[in-house]
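A.B. asks: Okay, sequence plus prediction incoming.
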Amino acid sequence: MCGIVGYIGARQAQPILYNCLAKLEYRGYDSCGIAISNENLSIYKDTLNINELAKIVPILQGTTGIGHSRWATCGEPSICNAHPHYDCTGKFAVVHNGIIHNYEILKKQLIAEGHHFISSVDTEVIPHLIEKYYKGNLEEALEEALHNIVGSYAIATITSGENKLVAARKDSPLIIGVGESERFVASDVMAMLDYTNRIVHLEENEIGIITDSNVKIKHKGSYIQRKEHKIEWNSNATGKMGFEHYMLKEIYEQPRIIGDTLKTDYRNIKQIVSSQVVKDKEIAPLLILACGSSYHAGLVGKYIFEMTLGISVRVEFASEFNYYGHIPTKTRAIVITQSGETADTLKAVRKLRQAGCYVLAITNVIGSSVTHIASETIYTHAGCEISVAATKSFIAELAVLYRIAMLCADKRLEIADILAGAKQIADKGRGILDETDGIKELGEYLAGYNTVFYIGRGINYPIALEGALKLKEISYIHAEGYAAGEMKHGPFALLSPVTPVVAIVARDNTYEAMINNIREVKTRKVPVIALMEEDDDVVRGIADFVINIPCVNPIFSPMVNVVALQLLAYYAARKRGCAIDFPRNLAKSVTVE
Ligand code: G6P
């Protein structure tokens with residue numbers, strides 16, 4: 001979604017801003033713009049991509065600037081609605097992520113006071129408020145402006161009158177990067193990795209006053225000290241490494257990620273989980289909250305924890321949880337969010353924390369917003385994921401959930417031995433990636449259809465949901481994931497020879513029922529692709545096509561099955577010529593409700 005970048009330093013700002021914005025392209029956007037401060041402000045914006053914008057903008061002199069890539073939520077994509085926004089005098093430029101709930105009231109007041117507006121978006125009130133309050137000091141004017149604003153924001157602003165960048169945040173991420181004689185701001189660390197990996201986090205309700213050699217942080221009128229820290233990711237992580245798409249590269253990284261996560265010495269994890277997550281298991285079920293693919297990981301987590309830790313688990317979409325009031329006594333929760341920035345998930349965490357609940361966050365992004373508001377955080381080690389469709393971050397979330405179960409399951413039980421088998425899963429996943437010809441052919445075959453059903457049972461039901469989600473996200477084929485037993489309660493009406501079914505068969509207690517479901521589907525002359533263990537001749541005999549999956553203990557089958565389904569979706573989308581890494585209308589990080 002929308003991206004903010006800013007630069008102040010010894011170098012010309014314009015090319016650096018373009019490069020920083022380009023690093024955020026993966027988040028999705030429909031317009032972009034930059035503002036450079038010199039004696040005057042120069043502001044250019046359009047409904048173009050960054051490369052195209054760079055071609056039409058003249059060379060601008062100036063070593064301080066801000067930039068923005070916008071993904072329209074309030075006001076259509078247009079030049080006027082694109083950021084940076086500016087005031088009547090053209091002295092103040094602002095880029096903003098978030099939503100200003102009371103902007104209509106503020107706009108009316110400002111218009112009555114003589115301000116002239118040119119866009120239909122909420123952000124435009126900010127430069128006008130700054131203009132109104134400016135008395136020679138940008139941070140004071142912004143502070144005053146923020147007193148009027150109700151909503152969420154990450155803001156970066158510059159003025160032609162002072163050589164500084166001023167930033168502020170509330171409920172929307174913003175970080176400051178530290179280089180030699182230069183400083184950066186960005187809504188996502190990816191933007192600045194070509195220049196620095198030293199960062200300073202701006203926390204809730206703080207204002208950052210940034211010059212080329214200094215960062216000052218102000219909270220409620222007082223200056224506070226904040227240490228910088230180094231992050232592990234580097235800009236190499238953002239290359240395709242010879243793969244045609246980021247998604248494919250990220251799929252191929254998964255065996256390493258599974259291996260690394262299962263080996264990670266998660267300090268205190270056992271203590272955290274047994275003292276917080278497993279405790280009170282008789283009183284309230286453990287609550288898992290997430291959105292999108294992370295929600296599907298949470299559903300797999302339910303099966304893992306219920307089977308191995310003997311606790312009951314309730315899994316909910318964070319976006320739904322936020323709209324009903326009841327939180328049972330002694331609720332403890334796990335939230336899963338790759339980005340750590342999903343607005344609905346953050347809102348759910350705040351709601352739980354306000355109710356006094358313990359919340360453990362699982363996230364991939366160090367220092368992301370969720371880490372500031374959860375009780376504790378466990379990081380996945382997937383590295384930076386660029387492709388909008390989650391693949392390696394999903395597998396990393398699963399791996400952490402298995403790791404929690406491995407560390408906390410009672411060592412005396414047989415389950416501990418089973419979990420120890422997890423260590424081979426990385427090799428099994430690699431096995432699928434070594435032999436992709438068959439999956440490629442089937443993906444290309446699916447590309448010719450308009451509707452595909454995915455069915456699974458038990459721990460592979462969420463994998464049916466995830467497989468269908470991957471296909472629809474990147475190939476635009478209508479796909480639905482179903483618990484196989486539910487097909488008869490409606491979806492059967494849609495089955496025909498032009499609605500293929502992808503059936504996930506695991507050799508667990510759901511095996512016989514799945515075979516029956518495949519037979520039922522076959523009576524409607526539906527083409528069936530079965531994911532089955534490579535030595536399963538029964539399934540081979542009844543399915544039209546098969547994808548051979550290495551034999552693993554069924555509890556781990558989600559980790560191998562999902563790799564095959566990601567590839568299936570990838571090859572279907574590739575055959576259809578889709579923009580695999582940046583699907584239309586979708587964003588990597590959904591920072592609005
Ligand atoms: C967006 C992404 C999905 C992701 C979901 C939740 O919709 O496109 O890939 O699963 O957000 O994101 P999170 O960062 O909270 O895991």
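C.D. replies: Received it, and whenever you're ready, just let me know what you need.

A.B. asks: C-alpha only now, for contacts and for neighbours.
C.D. replies: Noted.

A.B. asks: what does the stretch 151-300 of the chain have sitting close to the ligand?
C.D. replies: Applying CA under 6 Å from any ligand atom, we find that the stretch 151-300 of the chain lies next to the ligand at 291-294.

A.B. asks: Most widely separated two among the residues you listed?
C.D. replies: Spanning the widest gap among these are Cys291 and Ser293, at 6.5 Å by CA to CA.

A.B. asks: And those two? Which one has more around it.
C.D. replies: Each of Cys291 and Ser293 has its neighbours counted (other CA atoms under 10 Å); Ser293 has more, 26 against 23.

A.B. asks: so which helix or strand takes in that one?
C.D. replies: Applying DSSP states H and E as the criterion places Ser293 in helix 292-308.

A.B. asks: Please identify the buried residues of that helix?
C.D. replies: By neighbour count on 16 or more other CA atoms under 10 Å, the buried set for helix 292-308 is 292-305, 308.

A.B. asks: what about the closest residue to Thr89 other than its chain neighbours, which SS state?
C.D. replies: Of all residues not flanking Thr89 in the chain, Glu131 sits nearest, at 7.9 Å (CA to CA, 6 or more residues apart in numbering). When classified by DSSP: H, G, I helix; E, B strand; the rest coil, Glu131 comes out as helix.

A.B. asks: ok, the closest residue in space to Thr159 that isn't next to it in sequence - how many residues close by?
C.D. replies: Excluding the flanking residues, the one nearest Thr159 by CA to CA, 6+ apart is Phe92, at 4.6 Å. By other CA under 10 Å, 26 other residues sit near Phe92.

A.B. asks: ok, Phe92 - contacts?
C.D. replies: Phe92 sits next to 41, 86, 127, 130-131, 157-160 when contact means CA atoms under 8 Å, 6 or more residues apart in numbering.

A.B. asks: Helices - which of those land there?
C.D. replies: The members of the contacts of Phe92 that map onto helices under DSSP state H are 127, 130-131.

A.B. asks: Just the closest of the buried residues of helix 292-308 to Ala493, please.
C.D. replies: Ranked by distance to Ala493 (CA to CA), the buried residues of helix 292-308 are led by His296 at 25.9 Å.

A.B. asks: Show the pLDDT at the nearest residue in space to that closest one that is not next to it in sequence.
C.D. replies: Computed as CA to CA, 6+ apart, the closest residue to His296 that is not its neighbour in sequence is Pro462, at 5.4 Å. Confidence at Pro462, expressed as pLDDT, is 98.

A.B. asks: Pro462: neighbour count?
C.D. replies: With other CA under 10 Å as criterion, Pro462 counts 27.

A.B. asks: now Lys230
C.D. replies: 12.

A.B. asks: same deal with Asn205?
C.D. replies: 17.

A.B. asks: hang on, it packs against His219?
C.D. replies: Yes - between Asn205 and His219 there is a contact under CA atoms under 8 Å: 6.6 Å.

A.B. asks: ok, and the closest non-adjacent residue to Gln562?
C.D. replies: I think there's a mix-up here, since residue 562 is Val and not Gln. Counting by CA to CA, 6+ apart, the residue nearest Val562 is Ile463, at 6.2 Å.

A.B. asks: and that neighbour, what does it touch?
C.D. replies: Applying CA under 8 Å, 6+ apart, the residues near Ile463 are 296, 300, 456, 558, 561-562.

A.B. asks: same check, this time on Asn40
C.D. replies: 91, 160.

A.B. asks: give me that answer again for 7 Å
C.D. replies: Contact partners of Asn40, counting by CA atoms under 7 Å, 6 or more residues apart in numbering, are Ser160.

A.B. asks: right, and the helix or strand after the helix or strand where the residue nearest to His296 lies?
C.D. replies: With secondary structure defined by DSSP H and E, Pro462 is part of helix 461-475. Sequence order places strand 478-483 as the next helix or strand after helix 461-475, per DSSP H and E.

A.B. asks: average pLDDT for that following strand?
C.D. replies: Mean predicted confidence for strand 478-483 is 98.

A.B. asks: State the mean pLDDT of the longest helix along the chain.
C.D. replies: The longest helix of the chain (DSSP H) is helix 557-575. In this model, helix 557-575 carries a mean pLDDT of 97.

A.B. asks: so does it get close to the ligand?
C.D. replies: No - using CA under 6 Å from any ligand atom, helix 557-575 stays clear of the ligand, coming no nearer than 12.4 Å.
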